[in-house]
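Student: Below are the sequence and a predicted model; questions follow.
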Amino acid sequence: MKKVLKVLGIIMLVIIIVIVAVLFYLSRKGSSLSEDYQKTVTTGGDIEANYLRNGVYETSYYEIAAIQNFGKYEIYYPTELLTSNKEYPVIVVCNGTGWPGSRSKPLYEHYASWGFIVIATEEEYSWNAFGADMCVSLLKKLNDTETVELDGFEDKKNVFYGHIDFNNVGIVGHSQGGVGVINAITNSDHQDIYKTAVALSPTGKELALGIDWPYDATKINVPILLISGAGGGDDWVVTGEGLADIYNDIPANKAMVRRRDTEHGKTQYSADGYVTAWFMWQLQGDQEAAEAFIGGNPEIMNNSLYQDQRIDLGE
């Protein structure tokens with residue numbers, strides 16, 4: 001019996017290693033997101049097309065070294081922040097397997113062009129939301145401190161001082177990062193700070209348990225949008241049934257869609273128009289963006305590029 005259990009344990013270990021390797025491969029395809037990725041994305045509705053375009057804000061970038069193993073914090077923000085007295089809503093990013101934040105620079109610049117402060121890292125193990133927690137901790141320090149120390153030698157004016165709107169913080173993540181999103185809003189030190197979330201191709205429950213990335217979607221209490229691919233190879237990570245399983249666990253204020261003919265790596269950006277619209281509605285009160293999801297005829301429900309749409313959202 002001991003030998004049988006040992007053999008079964010080895011088999012399970014091999015399966016887990018293979019699955020992780022596949023996840024790494026699927027997420028890593030391509031060296032980085034193309035600067036003109038928006039031109040490669042087909043849209044099926046006016047709202048989707050509008051929010052796939054860049055917003056009205058010019059953007060800037062700020063980088064801070066991190067002692068943690070994820071190397072650095074990467075912050076994208078509207079350039080007008082440097083001279084304004086406004087506070088800006090926040091999008092925190094959880095990375096997919098094998099895909100550090102620096103590889104998605106065009107996507108995060110896009111979010112920032114719509115008036116968001118976006119913070120990412122180079123973290124490889126985002127499933128437990130540790131990196132997301134550290135991002136929020138850093139933002140709190142930046143919001144409360146007039147100067148920052150650089151390289152241990154000098155103080156420099158902190159451009160984010162007083163500019164971060166902690167009443168409007170959202171989080172987005174892809175694949176392993178989708179698990180990180182769920183854990184960030186349900187099981188992290190800063191879980192109460194999040195107002196909304198988007199999980200892109202979150203690792204299905206059974207697979208996540210198998211590779212020791214547990215999460216509990218029944219504890220989600222903020223509006224969340226779930227998006228995965230369909231018919232393009234995303235089933236390795238989460239099947240349509242698996243995404244519906246997560247959706248059914250969430251008590252309320254939820255939406256899910258699957259984008260047709262979309263492989264796993266491309267789900268990070270292929271539904272960008274609706275991801276941006278979601279955050280514009282949830283964090284900036286944009287009613288045009290809201291019409292993609294609520295009202296008498298939500299656009300996303302009738303978009304032929306998507307399938308398996310389900311919505312349970314308070315208006």
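Tutor: Thanks, I have it. Numbering: from 1, shown residues only.

Student: Quick check: closest non-adjacent residue to residue 173.
Tutor: Closest residue to residue 173 in three dimensions, ignoring its sequence neighbours and counting by C-beta to C-beta, 6 or more residues apart in numbering: residue 94, at 3.0 Å. In short, each C-beta sits where N, CA and C put it, glycine included.

Student: quick one, what contacts the one you found?
Tutor: Residues in contact with residue 94, defined by C-beta atoms under 8 Å, 6 or more residues apart in numbering, are 123, 126, 129, 131-132, 171-174, 176-181, 184.

Student: mind running it again at 6 Å?
Tutor: Contacts here follow C-beta atoms under 6 Å, 6 or more residues apart in numbering; on that basis residue 94 touches 126, 132, 173, 177, 180-181.

Student: next one: residue 169
Tutor: For residue 169, the contact set (C-beta under 6 Å, 6+ apart) comprises 90, 193-195.

Student: Please work out which residues outside stretch 251-266 touch it.
Tutor: 26-27, 29, 201, 223-234, 237, 240, 243, 247, 270-271, 293, 300, 305-314.

Student: How about stretch 230-240, which residues are buried there?
Tutor: Buried residues in stretch 230-240, counting neighbours by 16 or more other C-beta atoms under 10 Å, are found at 230, 232, 234-240.

Student: tell me how far it is from the chain's mean position?
Tutor: 18 Å (C-alpha atoms, centre = their mean, to the nearest Å).

Student: show me where this structure has helices.
Tutor: If you assign secondary structure with DSSP state H, the helices in the chain sit at 2-28, 37-40, 46-52, 105-112, 130-144, 176-186, 205-210, 240-249, 272-284, 287-290.

Student: circling back to that earlier point, of the buried residues of stretch 230-240, closest to residue 62?
Tutor: For these, the closest approach to residue 62 (C-beta to C-beta) belongs to residue 237, at 32.0 Å.

Student: Surely that closest one and residue 201 touch.
Tutor: Yes - using C-beta atoms under 6 Å, residue 237 and residue 201 qualify as a contacting pair, with a distance of 5.3 Å.

Student: got any residues that touch both of the two?
Tutor: 175, 264.

Student: Identify the neighbouring strands of the longest strand along the chain in the sheet and state each direction.
Tutor: When the chain is parsed with DSSP state E, its longest strand is strand 164-174. In the sheet containing strand 164-174, the strands it pairs with under DSSP bridges are strand 88-94 (parallel), strand 196-200 (parallel).

Student: That strand: which residues count as buried?
Tutor: Of the residues in strand 164-174, those buried under the neighbour-count criterion (16+ other C-beta under 10 Å) are 164-165, 168-174.

Student: before we move on, what about stretch 192-200?
Tutor: The neighbour-count check on stretch 192-200 (16+ other C-beta under 10 Å) flags 193-200 as buried.

Student: on that earlier part again, can you pick the most crowded of the contacts of residue 94?
Tutor: Most neighbours among the contacts of residue 94, by other C-beta atoms under 10 Å: residue 180, with 34 neighbours.

Student: how about that residue, what does it touch?
Tutor: When the contact criterion is C-beta under 6 Å, 6+ apart, the partners of residue 180 are 94, 126-127, 129, 173.

Student: Could you export those as a markdown table, including pLDDT and distance to residue 285?
Tutor: Putting those into a markdown table (pLDDT from 0 to 100; distance: C-beta to C-beta, whole Å) gives the following:
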| residue | pLDDT | distance to residue 285 |
| --- | --- | --- |
| 94 | 98 | 24 |
| 126 | 95 | 29 |
| 127 | 96 | 31 |
| 129 | 97 | 26 |
| 173 | 98 | 23 |
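
Student: Of those, just say which sits nearest to residue 49.
Tutor: Comparing the contacts of residue 180 against residue 49 with C-beta to C-beta picks out residue 173 as the nearest, at 24.4 Å.

Student: Does the closest one touch residue 179 like I think?
Tutor: No - Residue 173 is beyond contact range of residue 179, at 7.5 Å (criterion: C-beta under 6 Å).

Student: so what's residue 92 closest to, chain neighbours aside?
Tutor: residue 171 is the one closest to residue 92 (C-beta to C-beta, 6+ apart), at 4.4 Å.

Student: Who are the contact partners of the one you found?
Tutor: Contacts of residue 171 were listed using C-beta under 6 Å, 6+ apart, and they are 92, 181, 184, 194, 197.

Student: For the last one, name its beta-bridge partners.
Tutor: The reference is to residue 197. Note on residue 197: beta-bridge partners by DSSP bridges are residue 171, residue 224.

Student: Next, the buried residues of stretch 119-137.
Tutor: If you call a residue buried by 16+ other C-beta under 10 Å, then stretch 119-137 has these buried ones: 119-124, 126-136.

Student: Can you tell me which of the helices of the chain has the worst average pLDDT?
Tutor: Here the lowest mean pLDDT among the helices of the chain goes to helix 2-28, at a mean of 45.
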